[in-house]
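Enquirer: Structure of the sequence below:
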Amino acid sequence: MNPLDSLMNQYDRGTVNRRQLVQGLLMLLAPAAAANAQSADDPVRARTINHVHIVVNNMDESKTFYGKLLGAKFQHQFTKDIHSVVLPGDGGWISLDSGTSQVDAEKKNRLGHFAIGIERFNAPETAAAIRKALPGVKVEGDGANSRSVFVYDPNGIRVQLMAKEDKGN
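Expert: Numbering: from 1, shown residues only. Reported below is the predicted structural model:
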């Protein structure tokens, strides 16, 4: 029996009065309200790692590797050089880049970027929250129709923020 049913049964049996019922209901709702509250420590409500974007030497070998290793299936071709493979279930996806579109010029960083799924994503609001939390950080893609916002961590790694529901297709 769930806590709400238990509380209601206690009220029906007369083992708790109306005041105790209201207090119990408030206690049951408090964790949900707290989980939905946005704090200063959580300015953009990150909820998932949406995807990882990596540079690969051979697109076909990489698709085969991730398919056999993880059960990933080809999902979408963004450009000639960028394809995505989706993980089974609701586990996100991997963006495979055979070009150099999203890496440093020296090609030392094989991680193009990683994406964080944001609850109730809105590009302008997310960008504003980042600018408030991290003044001076470069923010890209903050237009009203933007699918994502990008920032760079202190190591130069590109971090993409997007809707947690975005499946990359």
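
Enquirer: Can you pull up the most central residue in the chain?
Expert: Most central in the chain under Cα atoms, centre = their mean is residue 117, positioned 1.3 Å from the mean C-alpha point.

Enquirer: Count the neighbours of residue 3 for me.
Expert: A total of 11 residues lie near residue 3 under the criterion other Cβ atoms under 10 Å. All C-beta atoms are positioned from the backbone trio N, CA, C, and that covers glycine.

Enquirer: let me redo that: residue 78
Expert: 15.

Enquirer: Quick check: residue 144 touching residue 123?
Expert: Yes: using Cβ atoms under 8 Å, residue 144 makes contact with residue 123 at a distance of 6.8 Å.

Enquirer: Enumerate every residue touching the residue nearest to the centre of the chain.
Expert: 46-50, 92, 162-166 (Cβ atoms under 8 Å, 6 or more residues apart in numbering).

Enquirer: nearest residue to residue 164 other than its sequence neighbours?
Expert: residue 117 (2.9 Å; Cβ to Cβ, 6 or more residues apart in numbering).

Enquirer: Can you list phi and psi of that neighbour for me?
Expert: phi -80, psi 130 (degrees, to the nearest 10).

Enquirer: And the strands in the chain, which stretches?
Expert: Taking DSSP state E, the strands of the chain run over residues 46-55, 73-77, 82-86, 93-97, 111-118, 139-140, 148-152, 158-163.

Enquirer: Out of the contacts of residue 117, flag the one nearest to residue 57.
Expert: residue 92 (22.5 Å; Cβ to Cβ).

Enquirer: Of the strands of the chain, which stretch is the most buried?
Expert: Mean neighbour count (mean count of other Cβ atoms under 10 Å) peaks for strand 93-97 among the strands of the chain, with a mean of 24.

Enquirer: ok and that strand relative to strand 111-118, angle-wise?
Expert: 150 degrees (axes from the mean of the first three to the mean of the last three Cα atoms, to 10 degrees).

Enquirer: what's next to strand 93-97, contact-wise?
Expert: Contact with strand 93-97 is made by 50-56, 59, 62-63, 66, 72, 75, 78, 81-87, 103, 112, 167-168, as judged by Cβ under 8 Å, 6+ apart.

Enquirer: Swap in 6 Å and give it another go.
Expert: With Cβ atoms under 6 Å, 6 or more residues apart in numbering as the test, strand 93-97 has contacts from 51-53, 55-56, 62, 66, 81-86, 112, 168.

Enquirer: about what we covered before: is the residue nearest to the centre of the chain in a bridge, and if so with what?
Expert: residue 48, residue 162 (DSSP bridges).
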